[in-house]
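>>> below is the sequence, then the predicted model.
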Amino acid sequence: MNDSVHNKKHYNYLCRKIQKQSKVDKDTFLRNICIEIEKAHVQKKTKEIYANVRKITGKQAPRVRVIKDKHGVVLTDQDQVRKRWREHFSDLYNPVTDTDQTVLAEIPVRGRNEEIPATIMKEEVEAAIQR
């Protein structure tokens with residue numbers, strides 16, 4: 001019986017020692033990562049900064065493996081998914097705008113030194129925000 005008590009005490013002692021060393025190792029790891037982040041910041045290496053921050057936080061952006069096309073059909077092939085994302089952002093950042101040529105013709109042309117009063121209509125601002 002005495003031997004089992006001794007084994008339990010020894011076991012508890014080893015567990016505490018492991019926990020203590022784990023805390024020290026984790027602290028050392030985090031300090032080293034922070035030093036790497038600071039060096040990358042000085043060298044303006046943003047990709048390296050974000051990679052090291054992800055090591056600390058453990059968060060990764062979820063990858064989208066499926067997506068729907070414009071017609072609602074689910075795409076699972078990775079090449080098709082990439083093409084759809086490219087198409088989506090192309091449409092988003094390169095909108096097709098129809099310019100009314102009559103409006104452009106009515107814009108007064110003045111010399112560079114003359115000030116043209118800005119008359120922006122509320123509807124124009126709302127239309128620009130909607131786009």
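Arrived safely.

>>> from the contact counts, what lies against the lengthiest helix in the chain?
Counting by DSSP state H, the longest helix found in the chain is helix 2-42. When contacts are defined as 3 or more CB pairs under 8 Å, 6 or more residues apart in numbering; DSSP states H and E, helix 2-42 packs onto helix 46-57. Every C-beta, even on glycine, is put in place using the N, C-alpha and C of the backbone.

>>> chain center to the helix it packs on: distance?
Mean-position distance between helix 46-57 and its chain equals 12 Å (CA atoms, centre = their mean, to the nearest Å).

>>> report the buried residues of that helix.
49, 52 (16 or more other CB atoms under 10 Å).

>>> what angle separates it from helix 2-42?
Angle between the axes of helix 46-57 and helix 2-42 is 160 degrees (criterion: axes from the mean of the first three to the mean of the last three CA atoms, to 10 degrees).

>>> Provide the strand pairings for the helix or strand just after helix 46-57, with the direction of each partner.
With elements assigned by DSSP states H and E, the helix or strand that comes after helix 46-57 is strand 67-68. Strand 67-68 sits in its sheet next to strand 74-75 (antiparallel), going by DSSP bridges.

>>> for the helix or strand just after the partner strand, name the packing helices and strands.
Next helix or strand after strand 74-75 toward the C-terminus (DSSP H and E): helix 78-93. Helix 78-93 sits against strand 67-68, with contacts defined as 3+ CB pairs under 8 Å, 6+ apart.

>>> one more pass at 10 Å, please.
Secondary-structure packing of helix 78-93 (3 or more CB pairs under 10 Å, 6 or more residues apart in numbering; DSSP states H and E): strand 67-68, strand 74-75.

>>> for these, which one sits closest to residue 99?
strand 67-68 (31.7 Å; CB to CB).

>>> what's next to that closest one, contact-wise?
The contact list for strand 67-68 (CB atoms under 10 Å, 6 or more residues apart in numbering) reads 73-76, 80-85, 88.

>>> turn the residues you listed into TSV, including pLDDT and distance to residue 7.
Shown next, in TSV, are the contacts of strand 67-68 (pLDDT from 0 to 100; distance: CB to CB, whole Å):
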residue	pLDDT	distance to residue 7
73	91	65
74	91	59
75	90	60
76	88	56
80	91	61
81	89	57
82	89	59
83	92	64
84	92	62
85	90	60
88	90	63
